[in-house]
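Peer 1: the amino acid sequence is not available; the structure is as follows:
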């Protein structure tokens, strides 16, 4: 009868020893890209080509004041004030693709990835389908999707960036 308790104890000890050797399954690490790095990636992708025509519309002075307030707030690290100023500007010009894009980028800085995605796509819908601003839209969508862990969708957005660049005319 003494044999059974020793067998159980030995089996339990062996199980404990083996469980200590089992690989520990951990969740994949969170992306280390922070919001400022995401914005830098957008800036790098969107840069104007030397051969591109980049038309800038005349701006409403009140909207320009709000954009300037947003820029100063961002420079000071105050994303809430920047978001508020750009949201006020969007009340004046709700279909301005540049304003929508700026607001999308602030949403990205705030970690509001779904909002950044939505705003950037709306900016694309109402704006030009080529040029630096077009690239900013899709780069923002890409970064927002990457931040949410949607790599396949981000790759599709990244593929759309190339369509925003139209080769310049070669002159003789």
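Peer 2: That came through fine. Just so we're clear, the structure is a prediction, and the values are computed from it rather than from any experiment.

Peer 1: what comes up buried for the helix or strand residue 158 falls within?
Peer 2: Element membership for residue 158, per DSSP states H and E: helix 151-161. If you call a residue buried by 16 or more other Cβ atoms under 10 Å, then helix 151-161 has these buried ones: 153-154, 157-158, 160-161. (Each C-beta comes from the backbone N, C-alpha and C, glycine too.)

Peer 1: ok, stretch 95-112 next?
Peer 2: In stretch 95-112, counting by 16+ other Cβ under 10 Å, buried: 96-109, 112.

Peer 1: quick check, nearest of these to residue 35?
Peer 2: residue 109 (4.6 Å; Cβ to Cβ).

Peer 1: pretty sure that closest one contacts residue 37?
Peer 2: No: using Cβ atoms under 8 Å, residue 109 is not in contact with residue 37, being 10.9 Å away.

Peer 1: was I right about residue 140 contacting residue 122?
Peer 2: No: Residue 140 lies out of contact with residue 122 (Cβ under 8 Å); the separation is 11.1 Å.

Peer 1: comparing these two, which residue is more hemmed in?
Peer 2: residue 140 (30 against 18; other Cβ atoms under 10 Å).

Peer 1: coming back round to it: export the buried residues of helix 151-161 to JSON lines and tack on distance to residue 136?
Peer 2: Formatted as JSON lines, these follow (distance: Cβ to Cβ, whole Å):
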{"residue": "153", "distance to residue 136": "18"}
{"residue": "154", "distance to residue 136": "15"}
{"residue": "157", "distance to residue 136": "12"}
{"residue": "158", "distance to residue 136": "13"}
{"residue": "160", "distance to residue 136": "12"}
{"residue": "161", "distance to residue 136": "9"}
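
Peer 1: and of the residues you listed, the nearest to residue 71?
Peer 2: residue 161 (24.5 Å).

Peer 1: what separates the closest one from residue 107, distance-wise?
Peer 2: 19 Å (Cβ to Cβ, to the nearest Å).

Peer 1: next: residue 123.
Peer 2: 12 Å.

Peer 1: residue 67 too?
Peer 2: Counting by Cβ to Cβ - residue 67 and residue 107 are separated by 16 Å.

Peer 1: what's the helix or strand for residue 87?
Peer 2: helix 79-92.

Peer 1: that helix - contacts with which helices or strands?
Peer 2: For helix 79-92, the elements it packs on are helix 61-75, helix 97-109, judged by 3 or more Cβ pairs under 8 Å, 6 or more residues apart in numbering; DSSP states H and E.

Peer 1: got those as a markdown table, with mean pLDDT columns?
Peer 2: What follows is those, written out as a markdown table (pLDDT from 0 to 100):
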| stretch | mean pLDDT |
| --- | --- |
| helix 61-75 | 96 |
| helix 97-109 | 97 |
